[in-house]
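Student: output the structure for:
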Amino acid sequence: MVTATETATGSSRGTVKWFNNAKGYGFIVADGSEEDMFAHYSAITMDGYKTLKAGQAVAFDTKAVENGTHAINISALEEHISQELAEEMS
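Tutor: Down below sits the predicted model:
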């Protein structure tokens, strides 16, 4: 269920600023924005080991929280686009 503080699935695009695998979190900057959004490994929607790399293009939703904005439902953009193309072709 999407609430007033969340956007639709994958509606935002951005770039991973940095991600610390040992700590399991990092930050994403949305395209056209300077705001850092917190990204936790549990919000990554990939199979297997959930990690992000600095400079990686991602699609994500946002959720407003008391101390800023969190990125949720994070997926690698190239993976996200591939899934969309596969759905269109089927």
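
Student: over to the most centrally placed residue in the chain: give its phi and psi.
Tutor: In the chain, the centroid-proximal residue (CA atoms, centre = their mean) is Ile74; its distance is 2.8 Å. Taking degrees, to the nearest 10, you get phi -80, psi 130 for the backbone angles of Ile74.

Student: which strand residues bridge it?
Tutor: Ile44 (DSSP bridges).

Student: show the contacting residues for it.
Tutor: Applying CB atoms under 8 Å, 6 or more residues apart in numbering, we find Ile74 in contact with 28, 39, 43-45, 52, 58-60. For the C-beta atoms, the positions are set from N, CA and C on the backbone; glycine is no exception.

Student: just flag the most distant two among those residues.
Tutor: For these, the farthest-apart pair by CB to CB is Ile28 and Thr45; their separation is 13.5 Å.

Student: more neighbours, those two?
Tutor: Set Ile28 next to Thr45 and count neighbours by other CB atoms under 10 Å: Ile28 wins out with 28 against 16.

Student: that's a strand at that one, yeah?
Tutor: Yes. Assessed by DSSP: H, G, I helix; E, B strand; the rest coil, Ile28 belongs to a strand.

Student: what is the rounded mean pLDDT of stretch 38-46?
Tutor: Mean pLDDT, stretch 38-46: 95.

Student: return the distance of it from the chain's centre.
Tutor: 7 Å (CA atoms, centre = their mean, to the nearest Å).
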